[in-house]
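Chemist: give the three-dimensional model of this entry:
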Amino acid sequence: LSGLGARSKAEAVARTCAIGTQLVIDAMKATDARRLIVTSSESMTTFPSPGRPNPPKHDPGEGFVIRYIVGPVARGYFLHEHYKDLGVMEDTVRDSGMDWTIVRPARLTDKPAKGRYRTEVDRKPKGGYRIARADLAHYMLGIVPATDTIGQSITINY
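Modeler: Got it, this is the predicted structure:
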């Protein structure tokens, strides 16, 4: 399980997630480990990467505010470098040959776990915009043995 994330623009520019994940993959290959579950961001459903240059323009789970106001500002200005780092990281995971799952949480909170959440493959669950770190961890631990999530990018929110 990997929860790597850049905490600053400088860390994102340095490709903390992409480089760190490649190091994890290298270590896994050296020890014959196969199962890899990483965290990314729900915004990656529509953000391009070198290996995925033409993602969908819109995510069907996005509401008006996220699609036309908050999302474009965040993706285009505030978090652009973070998303570029995550894009390269996701490409690295997809090309790794591991039994991988990419988990794309909504905005993370430090609130207590609710014990319930919604997931969708390759898109955002409609209407949600946050998830507690505790629920994200619960979900990730729960899918470790799950073969039906291998090779999937799964978005999670409330």
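Chemist: mind checking which helix or strand of the protein has the lowest mean pLDDT?
Modeler: Among the helices and strands of the chain, helix 71-73 carries the lowest confidence by mean pLDDT, DSSP states H and E, at a mean of 85.
Chemist: show me what counts as buried in it.
Modeler: Gly71 (16 or more other C-beta atoms under 10 Å). All C-beta atoms are positioned from the backbone trio N, CA, C, and that covers glycine.
Chemist: what's the burial count for Arg104?
Modeler: The local packing of Arg104 (other C-beta atoms under 10 Å) involves 24 other residues.
Chemist: next: Leu108.
Modeler: Neighbours around Leu108, by other C-beta under 10 Å: 16.
Chemist: check which helix or strand it maps to.
Modeler: Following DSSP states H and E, one finds Leu108 within strand 107-109.
Chemist: now the element after that strand, going C-ward?
Modeler: Next in sequence after strand 107-109, counting helices and strands by DSSP H and E, comes strand 118-121.
Chemist: fine, thanks again, bye for now.
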